[in-house]
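Peer 1: here is the input, now give the coordinates:
(one chain, ligands or ions: 1)
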Amino acid sequence: MPDATSPALAPSPSIELVAAHGVVRRDAVRGTVLLHPTDFTLYAGQRAAITGPSGSGKSVFLRTLALLDACDAGHVTWRGERIARSRIPAYRRRVAYIAQRPAMLDGTVEDNLLYPFTLKTYRDAHFDRDTAMRLALAAGRAPDFLDKLASDLSGGEAQIAALVRVLQLAPDVLLLDEPTASLDPASARSIEALVSAWFDADAERACIWVSHDLEQARRVATRHLTMNAGVLGGDTR
Ligand SMILES: Nc1ncnc2c1ncn2[C@@H]1O[C@H](COP(=O)(O)OP(=O)(O)OP(=O)(O)O)[C@@H](O)[C@H]1O
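Peer 2: A predicted model of the protein is given here:
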């Protein structure tokens with residue numbers, strides 16, 4: 001009978017997905033530090049939350065991990081390797097950043113869902129209406145959701161559409177920057193359910209959820225970090 005130390009039952013080594021190595025961000029004009037030197041690793045299977053006061057640097061940190069803003073020092077790695085400039089689009093395909101109020105294009109929800117497939121990075125992928133419908137249904141939307149005009153969507157519906165637009169592309173990591181901040185509780189729960197279903201579908205996925213809401217942070221994450229005046233605290237490694 002194998003015991004817990006036998007190779008068959010030992011936990012598999014953690015897979016490092018996104019890591020920050022001494023990353024620093026400064027205000028380009030005034031030179032003030034927005035993010036102090038930060039080390040952080042996100043492993044496959046982790047759901048992390050970052051809470052902290054307004055203006056403390058949560059978005060600055062998330063945008064740095066997403067490679068949307070360049071570091072002033074340090075670097076970000078993907079699966080233990082530095083990311084060459086030419087590989088940034090491929091990285092963003094694996095690591096998706098979701099803003100608080102994502103931009104929607106004119107046209108229907110389906111037009112919005114089709115948009116990523118017009119980009120060079122996704123030239124090998126194809127829009128699958130059934131997948132999109134399934135995701136919309138998982139967020140409690142009616143079957144006609146894809147036919148709605150983006151301009152007619154409520155804030156909650158627009159956020160759901162934006163999340164479906166990302167999740168249909170099956171990223172490995174979600175960086176969620178207060179995705180439910182301006183939403184009613186029901187819409188917020190729909191977003192949480194959608195992210196949860198995405199996470200549960202593959203053991204090698206991981207996410208970071210920035211939230212002002214401590215209750216939500218407890219619901220959506222098992223690893224808790226804090227940001228205060230540009231200093232990331234908690235269990236950062
Ligand atoms: N590109 C930038 N250049 C200069 N200053 C910036 C830049 N981005 C953010 N800041 C400043 O950095 C500080 C942290 O901003 P950030 O948006 O990360 O805060 P936050 O913790 O996400 O706040 P909130 O919870 O209100 O969204 C703020 O003072 C903000 O004005």
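
Peer 1: burial count for residue 230?
Peer 2: By the criterion of other CB atoms under 10 Å, residue 230 has 22 neighbours. Where C-beta positions appear, they are placed from N, C-alpha and C, glycine not excepted.

Peer 1: which parts of stretch 160-172 are buried?
Peer 2: Using 16 or more other CB atoms under 10 Å as the test for burial, stretch 160-172 gives 160, 161, 162, 163, 164, 165, 166, 167, 168, 169, 171, 172.

Peer 1: how about the nearest residue to the third one once chain neighbours are set aside, secondary structure?
Peer 2: Beyond its immediate neighbours in the sequence, the residue positioned closest to residue 162 (CB to CB, 6 or more residues apart in numbering) is residue 102, lying 3.7 Å away. Under the three-state scheme (DSSP: H, G, I helix; E, B strand; the rest coil), the conformation of residue 102 reads as coil.

Peer 1: check residue 68 too.
Peer 2: Three-state assignment for residue 68 (three-state DSSP): coil.

Peer 1: chain neighbours aside, what residue packs nearest to residue 180?
Peer 2: Closest to residue 180 by CB to CB, 6+ apart is residue 188, at 3.8 Å.

Peer 1: tell me, which of the buried residues of stretch 160-172 make contact with the ligand?
Peer 2: Counting by CB under 6 Å from any ligand atom, nothing from the buried residues of stretch 160-172 sits close to the ligand.

Peer 1: turn those into a markdown table, including secondary structure, distance to residue 127 and pLDDT.
Peer 2: Listed next are the buried residues of stretch 160-172 as a markdown table, based on DSSP: H, G, I helix; E, B strand; the rest coil; distance: CB to CB, whole Å; pLDDT from 0 to 100:
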| residue | secondary structure | distance to residue 127 | pLDDT |
| --- | --- | --- | --- |
| 160 | helix | 17 | 92 |
| 161 | helix | 14 | 94 |
| 162 | helix | 16 | 94 |
| 163 | helix | 16 | 94 |
| 164 | helix | 11 | 95 |
| 165 | helix | 10 | 95 |
| 166 | helix | 13 | 95 |
| 167 | helix | 13 | 96 |
| 168 | coil | 8 | 96 |
| 169 | coil | 10 | 95 |
| 171 | coil | 16 | 97 |
| 172 | coil | 20 | 97 |
